[in-house]
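pasted the sequence and its predicted model underneath.
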Amino acid sequence: SSQFYLRGDASAGVSRPKDVWDSDGWSTRMSSLATQPLTESVRESYETFLVFYPTAGRFWRLYAESAVRSNEHDFAIQIYERGIAFAPTSIELWRAYISFAKKVFPSRDDLVALFERSLRAVGFDLSSNTVWVDYIDFLKSWEAQSPQEENTKRDQIRKVYQRAVRSPILNLDNLWREYEAFENQAINKELARGIIAENQPKYFEARAEFRARKNRREGLQLSMLAVPPRGNTKEEEQASLWRKYIDLERANSNALSPEELYLRVDYAYEQALAVLYRYPDMWIDAAQYQIDVDHKSKAESILDRARQALPYSCLVWLFSCNFLELVGKIGAARELYTTLLLLNTKQSSDGTINTVSNSSESIVKEGNSVSEPKPTSTKATAVTITDQQVLPVELLSPSDSHRSSSNRSLIYSFFMRFSRRNDGIESARKVFLQARNDPNIGWELFVTAAFMEHQLNKQTLVAENIFELGMKKFSTCIPFVLEYIQFLWNCNEEQKLRVFFDRILDTLPRNDVRLVAVWEKYVQFEQAYGDLEAVSNAMRRQAEALAPIPDGKKKSRSSAPKEDEKDLSVFLPSAVDAALSQCSLFGLQPVNEDEHAEILLRRSEVEGGVRSAPARVVGSSAQSKRDQKSAQKSGGADTVVQGPPEKLKLEEGLARMVAALPATVHGQPAPDLNLVIQLIRNTPALFIETPAGRKAAEEASAVGDRGRKGKRKSGEESDDDGEDNDEKDESGEKNENVKRMKTENENDDTTSRAWSARAEAPAIDVFRQRQALKHNKLR
């Protein structure tokens with residue numbers, strides 16, 4: 001059986017580490033059980049450990065050996081079989097199983113079958129030479145009872161030798177010499193030489209392949225315990241090395257045949273999965289490879305194992321559903337969707353786990369049996385899917401433990417699309433009606449359902465009703481509001497869009513920087529549908545809404561939310577930017593390249609805390625007398641003096657910076673902030689460590705070398721002009737000059753290196769920046 005179960009508390013054996021992914025802590029605790037007999041507490045400890053680290057072949061071996069010491073041979077066989085199902089690439093486990101089987105298996109044929117199973121599993125491993133040698137020694141130890149059995153024995157040994165010398169494994173030269181000696185024992189020496197000559201090219205190819213694979217596997221740690229991605233540097237380096245190793249195997253640099261290449265790559269994936277067992281991307285990559293080479297049955301098997309390894313991974317489950325639908329197994333895909341909804345349950349605040357969702361289809365099928373779990377709530381550390389299978393909650397990735405709402409929205413959205421494709425629109429609507437009552441559903445489900453009705457079913461009114469239904473729950477959710485705005489815009493519903501803007505603009509939370517995007521949509525709407533006065537009013541409303549509210553006015557504004565408000569005025573465009581936006585169309589701008597470059601440079605300047613005032617449209621008649629008086633007091637300047645710059649977190653500062661750029665600069669949606677932050681963190685601390693810095697240092701060094709050569713040449717000319725008749729004095733003087741120049745060179749090199757280490761990025765060359773902007777514009 002390849003199933004694993006959590007059979008109770010293991011505190012009676014060894015204490016479980018506080019962090020279940022503390023591999024070092026687990027190894028220390030479990031190693032203390034290596035010589036103990038198989039008591040109930042020891043059994044519980046092994047079972048608990050192997051739930052979290054099922055690919056640890058060494059501990060499967062220790063578990064089985066503990067059972068052997070207690071004379072529980074049948075149970076030991078079960079442990080070995082479970083172990084090789086989870087750790088099929090563990091040579092240590094296979095050899096222990098074979099050694100044990102030699103003592104308890106009654107039939108020679110059973111042992112031969114076990115050897116063949118082991119070679120199919122690990123025969124391509126570089127370290128599998130020990131298994132090959134054990135197999136050959138076992139065949140040689142068979143005492144034939146007749147000449148016919150002797151011929152059969154020699155044929156079996158010959159076939160195993162020939163398979164072994166064609167495999168890229170350790171000590172291949174020794175195996176080849178043994179094989180030559182074996183063939184030369186035959187009576188027909190001519191036939192023996194022919195057989196050896198026939199296999200020698202394959203032996204040479206295997207030897208070359210061994211050297212190449214050994215280099216490719218450099219740095220890989222095959223015995224690491226499998227933990228989920230946690231951002232640990234050592235673990236991430238190993239993951240990167242495994243991916244690189246697989247890519248090199250797939251490159252087929254040794255020009256293997258398609259059959260041999262498939263076996264090598266398949267084994268490489270199996271080895272990687274033993275270490276990256278909790279990495280969903282590695283499972284997806286392995287399954288996709290099987291799909292690419294048209295081994296769909298193997299791909300399905302890999303996805304089955306992936307769902308067991310990552311029972312809470314939406315990526316693995318949704319990919320499996322798509323795969324089953326692609327190969328025509330619609331019923332199996334539907335069952336996976338239902339099971340996935342059961343697994344992705346919301347953990348309540350009191351620590352309970354709701355094991356059954358609000359779905360009306362809460363049937364989970366296991367094989368040919370059907371069971372309907374009862375809605376329960378338990379404080380145990382496991383989620384029960386059936387009466388037989390128990391999954392530890394700790395298998396849920398720490399980074400995903402808070403994503404129940406988004407996961408259920410994602411699952412229901414894909415389930416709804418699946419139902420529409422295979423069962424029709426009515427079935428998809430039933431899924432939506434079932435999902436909308438789930439308290440953990442997010443706004444994404446409503447948008448998906450609305451767009452499905454609008455784009456696929458051509459039911460615009462139904463889509464609008466779905467949006468209105470979502471507004472009852474997500475009226476202050478800015479992403480949902482933006483999607484609704486875009487929907488009405490695409491439907492060309494000018495009047496409804498104007499009413500919707502009036503309805504939501506004063507109700508959205510002011511502590512969310514995405515509010516700026518809503519106001520930008522409103523200004524764009526007035527520019528597209530309104531007149532000049534409407535545009536100016538929209539821009540004035542935008543400036544007033546995003547400006548900080550004085551303390552005396554916060555209480556009088558009943559629509560303002562209770563959360564801490566932020567000063568969003570930093571996202572307002574300057575007067576020049578607003579004018580440029582109003583007077584541009586489809587990339588056509590009313591300025592030349594030099595003028596545009598000057599505007600871009602002005603925008604990047606920070607002038608002692610002085611900031612341009614919010615944009616005002618020329619010809620606006622809506623400016624109040626109060627604004628006019630304040631403008632007169634300030635001397636007519638259209639600027640506002642700010643205090644010291646606000647201290648922002650990196651994420652918020654980047655968001656403001658990107659949002660302040662006009663569309664003509666970045667043109668695309670703002671990049672993901674996490675990606676930007678990661679790039680910044682990966683940026684070298686010193687300019688000299690960057691490619692541009694290294695190039696500058698090389699150029700500076702070259703200039704210094706040319707200067708020193710000039711000094712040396714002028715020094716030599718000076719020595720020639722002041723030549724002394726005494727050759728010894730002249731020689732001594734030249735030696736002193738050489739020593740002095742060497743000292744100067746060393747000092748120059750030291751100064752150059754010191755300059756390089758302290759080098760900073762060069763100042764901006766305004767002229768060159770303008771030329772670069774013009775060049776990019778022309779391109």
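The structure has been received and is ready for your questions. Residues are numbered from 1 along each chain as shown.

other SSEs contacting the helix or strand containing Arg211?
Assigned by DSSP states H and E, Arg211 falls within helix 189-216. When contacts are defined as 3 or more C-beta pairs under 8 Å, 6 or more residues apart in numbering; DSSP states H and E, helix 189-216 sits against helix 147-165, helix 172-184, helix 233-251. C-betas here are computed from N, CA, C, even on glycine.

quick one, which of the ones you listed gets closest to Leu341.
Among the helices and strands packed on helix 189-216, the nearest to Leu341 by C-beta to C-beta is helix 233-251 (30.0 Å).

that closest one vs helix 189-216, what angle?
Interaxial angle, helix 233-251 versus helix 189-216 (axes from the mean of the first three to the mean of the last three C-alpha atoms, to 10 degrees): 140 degrees.

report the mean confidence score over the next helix or strand after helix 233-251.
Sequence-wise, the next helix or strand downstream of helix 233-251 (DSSP H and E) is helix 258-275. For helix 258-275, mean pLDDT rounds to 93.

what does helix 258-275 rub up against?
Residues from elsewhere that reach helix 258-275, judged by C-beta atoms under 8 Å, 6 or more residues apart in numbering: 55, 57, 87-90, 122, 124-125, 221-222, 224, 226, 238, 242-243, 245-246, 249-250, 252, 256, 282-283, 285-286, 289-290, 293, 295, 298.

just the buried residues out of the residues you listed, in ChimeraX syntax.
In ChimeraX, a selection of the buried entries from the contacts of helix 258-275 looks like this (16 or more other C-beta atoms under 10 Å):
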select :55,57,87,88,89,90,122,124,125,222,224,226,238,242,243,245,246,249,256,282,283,285,286,289,290,295,298
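
just the ones of the contacts of helix 258-275 in helices?
Judged by DSSP state H, helices contain the following of these: 57, 122, 238, 242-243, 245-246, 249-250, 282-283, 285-286, 289-290, 298.

quickly name whichever of the residues you listed is closest to Asn490.
Of the ones in helices among the contacts of helix 258-275, the one sitting nearest to Asn490 (C-beta to C-beta) turns out to be Asp285, at 37.3 Å.

now for that closest one: which residues touch it?
Shown in contact with Asp285 (C-beta under 8 Å, 6+ apart): 243, 246, 269.

got the end-to-end distance for stretch 161-178?
9 Å (C-alpha to C-alpha, to the nearest Å).

who's in contact with it?
For stretch 161-178, the external contacting residues (C-beta under 8 Å, 6+ apart) are 119, 123-129, 132-133, 136, 179, 182, 199, 202-203, 205-207, 209-210, 212-213.

please repeat the previous calculation with a cut-off of 6 Å.
Contact with stretch 161-178 is made by 126-129, 132, 179, 199, 202-203, 206-207, 209-210, 213, as judged by C-beta atoms under 6 Å, 6 or more residues apart in numbering.

just stretch 203-220 next, same as before
Applying C-beta under 6 Å, 6+ apart, the contact partners of stretch 203-220 are 165-168, 172, 176, 241, 245, 248, 254.

and if we set it to 8 Å?
The contact list for stretch 203-220 (C-beta under 8 Å, 6+ apart) reads 126, 165-170, 172-173, 176, 238, 241-242, 245, 248-249, 253-254, 256.

and the residues you listed, which of them are buried?
Counted by 16+ other C-beta under 10 Å, the contacts of stretch 203-220 give 126, 165-170, 172, 176, 238, 241-242, 245, 248-249, 254, 256 as buried.

for the nearest residue to Ala226 once chain neighbours are set aside, grab the count of nearby residues.
Spatial nearest neighbour of Ala226, excluding adjacent residues (C-beta to C-beta, 6 or more residues apart in numbering): Tyr277 at 3.5 Å. The local packing of Tyr277 (other C-beta atoms under 10 Å) involves 24 other residues.

per-residue confidence at Ala692?
Listed pLDDT for Ala692 reads 67.

thinking again about what came up before, buried residues in the helix holding Arg211, which are they?
Of all the residues in helix 189-216, those buried under the rule 16+ other C-beta under 10 Å are 192, 195-196, 199, 203, 205-206, 209-210, 213, 216.

and if you look at stretch 427-435?
Residues of stretch 427-435 classed as buried under the neighbour-count rule (16+ other C-beta under 10 Å) are 428-429, 431-432, 434-435.

repeat that for stretch 462-476.
Buried residues in stretch 462-476, counting neighbours by 16+ other C-beta under 10 Å, are found at 463-464, 466-467, 470-471, 474.

closest one to Arg82 among the helices and strands packed on helix 189-216?
helix 233-251 (24.5 Å).

which other helices and strands contact the closest one?
Here helix 233-251 touches helix 189-216, helix 258-275, helix 280-292, going by 3+ C-beta pairs under 8 Å, 6+ apart.

mind running it again at 6 Å?
Here helix 233-251 touches helix 258-275, going by 3 or more C-beta pairs under 6 Å, 6 or more residues apart in numbering; DSSP states H and E.

quick check: angle from the helix it packs on to helix 233-251?
Going by the same axes, to 10 degrees, helix 258-275 makes 170 degrees with helix 233-251.

for helix 258-275, C-alpha coordinates in PDB please.
Taking C-alpha atoms only, helix 258-275 is exported to PDB below (Å, rounded to 0.1, in the frame of the first residue of the first chain):
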ATOM      1  CA  PRO A 258      14.800   8.300 -27.700                       C
ATOM      2  CA  GLU A 259      14.100   5.200 -25.600                       C
ATOM      3  CA  GLU A 260      17.300   5.500 -23.600                       C
ATOM      4  CA  LEU A 261      16.800   9.300 -23.200                       C
ATOM      5  CA  TYR A 262      13.300   8.800 -21.800                       C
ATOM      6  CA  LEU A 263      14.500   6.300 -19.200                       C
ATOM      7  CA  ARG A 264      17.300   8.600 -18.100                       C
ATOM      8  CA  VAL A 265      15.100  11.700 -17.900                       C
ATOM      9  CA  ASP A 266      12.400   9.800 -16.100                       C
ATOM     10  CA  TYR A 267      14.800   8.600 -13.500                       C
ATOM     11  CA  ALA A 268      16.200  12.100 -13.100                       C
ATOM     12  CA  TYR A 269      12.700  13.400 -12.300                       C
ATOM     13  CA  GLU A 270      12.200  10.500  -9.800                       C
ATOM     14  CA  GLN A 271      15.500  11.400  -8.100                       C
ATOM     15  CA  ALA A 272      14.600  15.100  -7.900                       C
ATOM     16  CA  LEU A 273      11.100  14.400  -6.500                       C
ATOM     17  CA  ALA A 274      12.700  12.400  -3.700                       C
ATOM     18  CA  VAL A 275      14.200  15.700  -2.500                       C
END
